[in-house]
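>>> coordinates only, sequence not included:
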């Protein structure tokens, strides 16, 4: 890559900047820093590239630091390299592309944040008198969760497949989870009749800082790297996967316009091409046969078409992680609870979960692999529904571990069942 590009990488500069991080945090792990430290590393800080930042923080994760520990000094580093990040020529994503979609969602978020700021400046009375109005505005900000879902389930795994260094994106995922929780906390404060103006101001300040900080990191680091690393066809494949997600703030008309182009139609499933035919995905030619039995067991046989239709007809989300801890399959029921994209196929399962819960996933798999447990069950409240999430150890007839099956199901209506509904009563 040419000097100054988002994906240029100087291992020597990264190594020198590790010294900056060591000096910044000190032996105690607390931010120490200072002007002398900045001046000592100023040349490197003011010429660092986005990819070098990813490499730098990936090294911190590999050294054993958690995202939460990195948060203690992350924004100090981002401020120090701000000149380099803001000074790079930011690529303008072509209209109707995947990166343009993500940028448009960020722009819509910034517009909403701007409206809230303007209102705060115009109000001269107590903020608590505007509690209801603020509650509605903050609830609306939750639409950004759909934006984060696209990045986590489409862009992150594609980057990880391209280069191992992008495992450092776990920090960005953790920041997205933090922003999500900040929105939820602020919404809870605004539902409290006794909330004070100080609590509202502090909560909104944290909210603006978290959301705007993520917009900046995506614009300055993530999007320039993606624009350089991926071809137009690869980005088109990512856009094709985004079709199954909800828009963040955009209207359905605006959102569907991204998928209405003639070129895009050629990549859609109804054209005869599968998303797994797109760059970066393994071939699924065994699923294209007509009539041949692809699954034969002592209890019968199924064609590939029948097997796929049966799995998708089940009112549950199924995902299978193989014995190597790689995601190898998921179903597409009519009403999927949790989003999944073909980009996750072949991805390490620990990269498919928020950093805060990875240790639980790893413990479950270890217990299954060692034969200590066969099931794990959880249930959560999600968008007014009760969702049951179960994990099952999958073993062959000899008891050899083959992997883990994740089953998620909306059990809201099931919980409400009473009496009996017999077959002869069906209408």
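Thanks, I have the structure now. This one's a predicted model, so the numbers in the text were calculated from it and none came from an experiment.
>>> quick one, strands of the stretch 151-300 of the chain?
With DSSP state E, counting those that start in this stretch as the criterion, the stretch 151-300 of the chain has strands at 293-297, 300-303.
>>> mind putting those in JSON lines, mean pLDDT and mean neighbour count included?
Where C-beta positions appear, they are placed from N, C-alpha and C, glycine not excepted. As requested, those are exported to JSON lines (pLDDT from 0 to 100; neighbours: other CB atoms under 10 Å):
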{"stretch": "strand 293-297", "mean pLDDT": "75", "mean neighbour count": "11"}
{"stretch": "strand 300-303", "mean pLDDT": "86", "mean neighbour count": "13"}
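>>> how about those in JSON lines, adding distance to residue 331?
Formatted as JSON lines, the entries for the strands of the stretch 151-300 of the chain read as follows, by distance: least, CB to CB, whole Å:
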{"stretch": "strand 293-297", "distance to residue 331": "15"}
{"stretch": "strand 300-303", "distance to residue 331": "15"}
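>>> contacts for the helix or strand residue 136 falls within, please.
Under DSSP states H and E, the secondary-structure element containing residue 136 is helix 131-141. Helix 131-141 is contacted from outside by 109, 112-113, 115-116, 119, 127, 183, 186-187, 190-191, 193, 195, 200, 204, 207, 211, using CB atoms under 8 Å, 6 or more residues apart in numbering.
>>> helix or strand right after it?
Taking DSSP H and E as the definition, the helix or strand that follows helix 131-141 towards the C-terminus is helix 144-150.
>>> by contact count, what packs against that following helix?
Applying 3 or more CB pairs under 8 Å, 6 or more residues apart in numbering; DSSP states H and E, one finds that helix 144-150 makes contact with helix 98-122, helix 170-190.
>>> try it again at 10 Å.
Counting by 3 or more CB pairs under 10 Å, 6 or more residues apart in numbering; DSSP states H and E, the packing neighbours recorded for helix 144-150 are helix 98-122, helix 170-190, helix 197-217, helix 232-242.
>>> any idea how far the closest residue to residue 6 other than its chain neighbours is from residue 54?
Nearest-residue entry for residue 6: residue 224, 3.6 Å, with adjacent residues in sequence omitted and distances by CB to CB, 6 or more residues apart in numbering. Between residue 224 and residue 54 the distance, using CB to CB, to the nearest Å, works out to 11 Å.
>>> residue 160: what's it in contact with?
With contact set as CB atoms under 10 Å, 6 or more residues apart in numbering, residue 160 has these partners: 166, 167, 168, 169, 170, 343, 344, 346, 347, 348, 351.
>>> need the contact list for the first one.
By CB under 10 Å, 6+ apart, the contact set of residue 166 is 51, 54-55, 58, 155-160, 172, 222, 225, 229, 351.
>>> could you do the last one as well?
By CB under 10 Å, 6+ apart, the contact list for residue 351 reads 152, 156-157, 160, 166-167, 169-170, 173, 325, 327, 344, 358.
>>> circling back to that earlier point, make CSV from the contacts of residue 160 and add distance to residue 20 and pLDDT to it.
Output for the contacts of residue 160, formatted as CSV (distance: CB to CB, whole Å; pLDDT from 0 to 100):
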residue, distance to residue 20, pLDDT
166, 22, 80
167, 22, 74
168, 17, 71
169, 21, 84
170, 21, 86
343, 34, 86
344, 35, 87
346, 35, 87
347, 32, 86
348, 30, 85
351, 28, 81
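>>> among those residues, which two are most distant?
Across those, the two members that end up farthest from each other (CB to CB) are 168 and 346, 19.0 Å apart.
>>> look at the two and report which has more neighbours.
For residue 168 against residue 346, the residue with the higher neighbour count under other CB atoms under 10 Å is residue 168, and the figures read 22 against 17.
>>> and the gap between that one and residue 420?
For residue 168, the distance to residue 420 equals 55 Å [CB to CB].
>>> number of residues surrounding residue 212?
Under the criterion other CB under 10 Å, the count of neighbours that residue 212 has is 15.
>>> from residue 225, how far off is it?
Computed as CB to CB, the residue 212 to residue 225 distance reads 20 Å.
>>> again with residue 79
Shown here: residue 79 relative to residue 225, a distance of 20 Å by CB to CB.
>>> kindly report the same for residue 255.
When distances are taken as CB to CB, residue 255 and residue 225 turn out to be 25 Å apart.
>>> quick one, which of those two is more surrounded?
Set side by side, residue 255 and residue 225 show unequal neighbour counts under other CB under 10 Å, the larger going to residue 225 at 24 against 20.
>>> kindly state the pLDDT recorded for the more buried one?
The predicted structure scores residue 225 at 91 on the pLDDT scale.
>>> residue contacts, it?
Listed by CB under 10 Å, 6+ apart, the contact set of residue 225 reads 5-7, 49-51, 53-54, 155, 159, 162-163, 166, 169.
>>> of these, just say which sits nearest to residue 387.
Compare each of these with residue 387 using CB to CB and the shortest gap goes to residue 155, at 25.2 Å.
>>> hang on, that closest one packs against residue 98?
Yes. When contacts are counted by CB atoms under 10 Å, residue 155 is listed as touching residue 98 (7.9 Å).
>>> noted, bye for now.
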